[in-house]
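*Asks:* build me a structure from this.
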Amino acid sequence: MLNGTGIKIFSGTSHPELAEIIAHRIGLPVSQAEITKNNIGETNVRIGESVREDDVYIVNTGCGAVNTALMELCIMIHACKIASAKRITAVIPLFPYARQDKKDKSRAPITAKLVANMLQRSGCDHVITMDLHASQIQGFFDVPVDKCVESKLFYCYAPVLTDLRSLYAEPSVILYIRTHFNLDDIVIVSPDAGGAKRATSMADRLGVDFALFHKERKKANEVSRMVLVGHCTGKTAILVDDMADTCGTLVLAASHLSDAGASRVCAIVTHGILSGNALAAVTESKLEKLIVTNTLPQAENQALCPKIEVIDIGAVLGEVIRRSHYGESVSKLFHEVPY
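*Replies:* Prediction:
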């Protein structure tokens, strides 16, 4: 718990519930900020208390009206910067435009790099995010970027020398699995080859079997064929991934696992975006449960789909902020969930 001296936590409008959880975790109120729109849709921000020489953390995630949330974040950072804040950290549980991380066709933009530039130009000193869709996004910044971690850093106005360490949602997910499933009959399944490293890491730490799907796509968000590599007969299959958007891959994978003899099929993902017809697809699918973290607000989704359960990662983010403020090591958080 913090003593409140020299630290302020602000919230944008995208996920105020998470900001409240983080602030409660470290024993502080959410600081006052008024965010409004004028008649032509421009965002107005008024910071309601002094931030001079304070360590400022601004919580806003990439969901809902993503462009609005991003602009809010940049304006709040700039407002704190010109109000003489000592250090400004953007806490972005879901990094916006993270899937646009490379030039995959002619004349395609690398929008994740543009977002990184926007945050830096706004005056951001530090970024905390969780389970980046692509690790190379860390290289888009000249400011320190921690995937939910405070690293040992050397600050300067030239390109920053960083020692980057990654703390994913994995410890929280492993704790959930240990407390809700029988480890004797589960298999961890990756829905694609790209997630194999994540799934094998979890399977190794749990001491359970691992399987994966090889999938082919006709176009983005549309899977044409999936082939299961591994065995799941008579077992509880747990699909793990970093995000669930349209849920087409998870639904198709759940159907294949059920046909392959799995007794139960569940899915655990970090970012439950759940756009379009995702909720209806999950409801009608072979999935028994879809477990997501609260990097995005989920209350409305839970009301519409009884299969959705939520893992709270507010305690992890709160502990990262506390340790960041005091300059403490966070190595323990790479493997354990804070109590």
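
*Asks:* same for whichever strand or helix holds I128, what does it pack against?
*Replies:* Applying DSSP states H and E as the criterion places I128 in strand 126-129. Packing partners of strand 126-129 (3 or more Cβ pairs under 8 Å, 6 or more residues apart in numbering; DSSP states H and E): strand 87-92, strand 145-146, helix 314-326. Backbone N, C-alpha and C define where each C-beta goes, glycine included.

*Asks:* so is S31 in a helix, a strand, or just coil?
*Replies:* The assignment at S31 comes out as coil when based on DSSP: H, G, I helix; E, B strand; the rest coil.

*Asks:* contacts only, for it.
*Replies:* Applying Cβ atoms under 8 Å, 6 or more residues apart in numbering, we find S31 in contact with 8-10, 47-49, 51.

*Asks:* nearest spatial neighbour of A169, skipping sequence neighbours?
*Replies:* T270 (4.4 Å; Cβ to Cβ, 6 or more residues apart in numbering).

*Asks:* is L70 in contact with A98, as I believe?
*Replies:* No. The pair L70 and A98 does not pass the contact test of Cβ atoms under 8 Å, sitting 11.9 Å apart.

*Asks:* now do the shared contacts for those two.
*Replies:* Shared contacts of L70 and A98, counting by Cβ under 8 Å, 6+ apart, come down to G62.

*Asks:* hang on, the earlier thing: quick one: mean pLDDT for the strand holding I128?
*Replies:* Taken as a whole, strand 126-129 has an average pLDDT of 87.

*Asks:* one more: stretch 7-15?
*Replies:* Stretch 7-15 comes out at a mean pLDDT of 96.

*Asks:* same question for stretch 195-207.
*Replies:* On average, stretch 195-207 scores 92.

*Asks:* mind saving the C-alpha coords of it as PDB?
*Replies:* Taking Å, rounded to 0.1, in the frame of the first residue of the first chain, the C-alpha atoms of stretch 195-207 are listed here in PDB:
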ATOM      1  CA  GLY A 195       0.600 -19.400 -29.700                       C
ATOM      2  CA  ALA A 196       2.500 -22.600 -29.200                       C
ATOM      3  CA  LYS A 197       5.200 -21.000 -27.000                       C
ATOM      4  CA  ARG A 198       2.500 -19.500 -24.600                       C
ATOM      5  CA  ALA A 199       0.700 -22.900 -24.400                       C
ATOM      6  CA  THR A 200       3.800 -25.000 -23.900                       C
ATOM      7  CA  SER A 201       5.000 -22.600 -21.200                       C
ATOM      8  CA  MET A 202       1.700 -23.100 -19.300                       C
ATOM      9  CA  ALA A 203       1.700 -26.800 -19.900                       C
ATOM     10  CA  ASP A 204       5.200 -27.200 -18.500                       C
ATOM     11  CA  ARG A 205       4.500 -25.100 -15.400                       C
ATOM     12  CA  LEU A 206       1.400 -27.100 -14.700                       C
ATOM     13  CA  GLY A 207       3.000 -30.500 -15.600                       C
END
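
*Asks:* the chain should start at 41 in everything you say after this.
*Replies:* Let's use 41 as the start, then, which means that last one is stretch 235-247.
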